[in-house]
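1. below are the sequence and a predicted model for it; my questions follow.
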Amino acid sequence: MMRRSLIFDVSIDTVFRMSLVFSIFMFFAGHNAPGGGFIGGLVAGAALVLRYLAGGSDGSQQVGARFAHVMLGTGLMIAVATGFGGWVWGTEFLENTGVGAELPLLGTVKATTSLLFDAGVYLVVVGLVMEALGSLGHEVER
Amino acid sequence: MIAVLLLHGVVAGVAAASGRRLGRFVFLLTAIAPAATFVWALSRAREILAGNPVWVSWPWVESLGLEISLLVDPFSLMFVLLVSGIGVLIMLYATWYFGDTPGLGGFSAILVLFAGSMLGLVTADNLLLLFVFWELTAITSYLLIGFEDKRAEARSAALKALLVTGFGGLVMLTGIIILGAEAGSYSMSEILSSPPSSTVTGVALVLVLVGAFTKSAQVPFHFWLPGAMAAPTPVSAYLHSATMVKAGIYLIARFSPAFAPLFAYWQPLVIGVGLATMLVGGYQALRQHDAKLILAYGTVSQLGLMTAVVGAGLPKLAFAGAALILAHALYKATLFMVIGVVDHQAHSRDIRLLSGLGRAMPLTFWVAVLAMASYVGLPPLFGFIAKEAALEGMRLAPIGVDSVAFFAVVLGSVLTTAYGARFLWGVFGTKPPSPAHLGGQIERPHPMLLAPAVLLVLLTVSFGLVPRWIDSLIGAAGASLAMPDTSFHLALWHGFVPSLAWSAIAVGFGLVLFWQRESVERLQSVTDAIPGSERAYALGLTALDRGARWMTGRLQVGSLPTYSGVILATVAVVGGAMLVRAWPQDMTVGFADSPLQIAVALFIVVAAIATAVQKRRIAAVLLLGAVGYGVAVLFVMYGAPDLALTQVLFETLALVLFILVVRHLPDRFREPRQPFGRTSRLVVSIGLGTFVGVFALVASNARTVESIGFEMAARALPEAGGRNVVNVILTDFRALDTMGEITVLVVAAIGIAALVGQGRRDHG
């Protein structure tokens, strides 16, 4: 096992958490500003890579691999389900509908089915990165 | 009618599910579907025969002109009654034919689906729908013939049937599409009432005929049918009598009256093929030792006769054809059931081994005698009436080749008599004692095993004695094919017409052939060496196998550089050719919008060249990343933040993943080796690079209509409620593309996991 630096570990951990939050921000910002499911997913992926390179797989590999499968599957399911939802409640496959509301503190909040669809994209991208790390990053400590 | 068809599907589902519990009695369950069809058809018969066909139409794929339109006129009604009536009897027969064979549930389900497909085929008015049912019968028959899938013989026979009829079906589909385009409709009744007469239609009809010929086992496609007797006997009985092989006859009968007068080739082609088939089948039947094969070649022969008769397109012969179809179904189903009974009791069908069965199973024997007498065309059976009608029609027909055709039919009858006699003698006769013989201690069959055959033979006899009973159906069936106002009647006794004499002559000569069977057999062994179309099929199949193996050996050389080299070279060559063809009239190439762009571009070029000449893998990967970041900077300069963001993130991830892989590989690139050496690599790389570069230039000059980008930008907020156009495109306007892309991502993830997992297992 490699010797670990405490400062390094703590700072990586902080950056990792911040990146995840940023990725979620990017995901939601995508509606009106640069961002979206793809970009958000890639940011989260980059965060995972960072942590992976810093900390190695340290035993979380098994869990990670299974989690990646779940993410990939769930993401695709959500995207497809949104498509069928458009069919059932709208007129077209993947048709976009949404509701808006004024909430306290947050201001105007809108929820659209394309956001749901984008969430599916996000999950798939993150899942792909995790899968690749889990598979290719095997024994990264060596 | 649609409900009746759907019932077959439902019954098949139930049968498949409950087959294990019911054992062989599952056939009693599946008999419900044909029985219901039969009752339905009888209840509508009066109305249909009175000239009010049942007509249903339901849209399916409107853009293709494919609709579920079913039309039951008298000719279809006759087929519906045949398919369902004989279907019920076949299933009763199967109940007592099969012992406790495993897998009967699935088998009975396919059998009932097969019956349903055949019903759909003979009632479909839309030609595309007819094709769908046509192929369904091919697929279900494949599964039925190959039921005993442990026997290589059954598997190859099933494959043969599928390949031959499937090939024919595809050829027919081409014909149907051309025909539909020419006629402006896929509705059979519309096409036939105002048939197109263009040259293209003539070609289309030949294609349709090829389909019909393969299905109805006409020369040179006849060889699949004798092979198909590898199926369990109930299936053979059904296949040979009421279904499958009658499909081609059905189609020819429908098309002939409309198209025979329009195309000069029609009569010579169809009648010629039919007669040739009749003679080849009869000749082959004469030399078989397996009783079932005698019947199978006999079917080929009779199908040839039917093709020739209905193919003339003349009213009188259409009428005779309808009678022949019914008569053949009745006696052929009977005879196959009989041979199944013999096989079931004596465990052999070889006429060299069977002896004395006539005494051991008298009822079976007499059923066979009556059915065979109808087959040969002896009075007072139904087969006689049908054959007389055909002979008389042939003799009087104003066909150019009348005398040849007529004498060919007589010759065919001679052969029929000869192999019919051979069949009866071979199966039931008592031969000179020999140690190889079976018989003597053979038990009589279970009454229920014989009952369906008895019932069928009773029909053959009573339709022969009282043709009035069936006259209205046959007459209306014939009339619904041809022009109206041509009604004919069946009669047992026509008076001393010439065809009667010819029948007698044919039977006489046939008996002489049977009497002289030993010299005939000697003569036939001489012709053994003549290669036929079956040999061509076998050679074709072997050549295909060998070709595929050769091709695989050439293409799958197992070298990654070669694979990627071939793929990339293909892109460069094919794409390059397309570029040259689509070369724009005037090219305007903007140089650069700002000096900074030139700097970034230079950076990219330098990094790219450095990547190519770099000897160390890690360094090459890093330089490749530099190229990507450079491109991202260009994106930013052009005001595409989403694109630049994605590019940077993707580049980062790709870099890391690349390094994760590269760390397992040697530090430096290996010197390229044969067969894909340095020169080839250089050529392919430069070619591809040139192609991509030129492509970008041409593509940016290829715009012929206004960009849709502005439209999308304008609609993004009002229609999708988002200000970020890129994101709106991804998740709304072109969401289907995105769905495709994430599906690719998931597939890629699975691929990575599988490949890496496999590699890890291989290397411990």
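-> Yes, it's here. Keep in mind that this is a model prediction, so the values were computed, not measured.

2. give me the residues contacting stretch A:122-136.
-> Defining contact as CB atoms under 8 Å, 6 or more residues apart in numbering or on different chains, one finds that stretch A:122-136 is touched by A:27, A:37-38, A:40-42, A:44-45, A:48-49, A:52, A:57, A:61, A:64-65, A:67-72, A:74-76, A:78-79, B:653, B:657, B:660-661, B:742, B:745-746, B:748-749, B:752-753, B:756-757. Where you see a C-beta, it was placed from the backbone N, CA and C, and this is true even at glycine.

3. repeat the analysis, applying 6 Å as the threshold.
-> Here stretch A:122-136 makes contact (CB atoms under 6 Å, 6 or more residues apart in numbering or on different chains) with A:27, A:37, A:40-41, A:44-45, A:48, A:52, A:61, A:64-65, A:68, A:71-72, A:74-75, B:657, B:660-661, B:742, B:745, B:749, B:752-753, B:756.

4. so the one residue in the stretch 501-650 of chain B that gets nearest to chain A is in which element?
-> Closest to chain A within the stretch 501-650 of chain B is residue B:649: 3.6 Å, counting by CB to the nearest CB. Under the criterion of DSSP states H and E, residue B:649 resides in helix B:641-662.

5. now tell me what touches that helix from outside.
-> By CB under 6 Å, 6+ apart, the residues outside helix B:641-662 that reach it are A:34, A:39, A:42, A:45-46, A:49, A:132, A:136-137, B:617-618, B:621, B:625, B:628-629, B:632, B:635-636, B:726.

6. ok, 8 Å please
-> A:34-36, A:38-39, A:42-43, A:45-46, A:49, A:53, A:129, A:132-133, A:136-137, A:140, B:617-618, B:621-622, B:624-625, B:628-629, B:631-633, B:635-636, B:724, B:726-727.

7. buried stuff in the helix or strand just after it?
-> Following helix B:641-662 in sequence order, the next helix or strand is helix B:678-700 (DSSP H and E). Residues B:680, B:684, B:687-688, B:691, B:695, B:698 are the ones in helix B:678-700 that count as buried (16 or more other CB atoms under 10 Å in any protein chain shown).

8. among the residues you listed, give me the pair with the biggest separation.
-> Using CB to CB, the pair of these lying farthest apart is B:680 and B:698, separated by 26.3 Å.

9. elements contacting the top helix by length along chain A?
-> As assigned by DSSP state H, the longest helix anywhere in chain A is helix A:61-89. The contact analysis (3 or more CB pairs under 8 Å, 6 or more residues apart in numbering or on different chains; DSSP states H and E) places helix A:61-89 against helix A:113-136, helix B:735-762.

10. wait, which of the buried residues of helix B:678-700 is closest to chain A?
-> residue B:695 (25.0 Å).

11. quick check: that closest one touching residue B:572?
-> No - the pair residue B:695 / residue B:572 is not scored as a contact, 10.0 Å apart, by CB atoms under 8 Å.

12. so where's the stretch 201-350 of chain B shaky on pLDDT?
-> Scanning the stretch 201-350 of chain B for pLDDT under 70 picks out no residues.

13. tell me where it has strands.
-> Applying DSSP state E, counting those that start in this stretch to the stretch 201-350 of chain B gives no strands.

14. can you show me the helices along it?
-> With DSSP state H, counting those that start in this stretch, the ranges of helices along the stretch 201-350 of chain B come out as B:224-227, B:233-241, B:245-259, B:266-285, B:291-311, B:315-346.

15. tell me the buried residues in the longest one?
-> Along helix B:315-346, the positions that meet the burial threshold by neighbour count (16+ other CB under 10 Å) are B:315-346.

16. run a quick neighbour tally on residue B:524.
-> Neighbours of residue B:524 under the rule other CB atoms under 10 Å in any protein chain shown: 14.

17. once you drop chain neighbours, what's closest to it?
-> Of all residues not flanking residue B:524 in the chain, residue B:287 sits nearest, at 4.6 Å (CB to CB, 6 or more residues apart in numbering or on different chains).

18. for chain B, what helix or strand is lowest in average pLDDT?
-> Least confident helix or strand, chain B: helix B:517-526 with a mean of 78, by mean pLDDT, DSSP states H and E.

19. could you do chain A as well?
-> strand A:98-103 (a mean of 61).

20. helix/strand/coil for residue B:702?
-> coil (DSSP: H, G, I helix; E, B strand; the rest coil).

21. which residues of chain A score low on pLDDT?
-> For chain A, applying pLDDT under 70 flags the ranges A:1-4, A:55-65, A:90-92, A:94-111, A:138-142.

22. got a quick PyMOL command for the buried subset of the contacts of helix B:641-662?
-> A single PyMOL command selects the buried members of those (16+ other CB under 10 Å):
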select buried, (chain A and resi 34+35+36+38+39+42+43+45+46+49+129+132+133+136+137+140) or (chain B and resi 617+621+622+624+625+628+629+631+632+633+635+724+726+727)
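
23. let's see which of the contacts of helix B:641-662 end up in helices.
-> Filtering these for membership in helices, criterion DSSP H, returns A:38-39, A:42-43, A:45-46, A:49, A:53, A:129, A:132-133, A:136, B:617-618, B:621-622, B:624-625, B:628-629, B:631-633, B:635-636, B:726-727.
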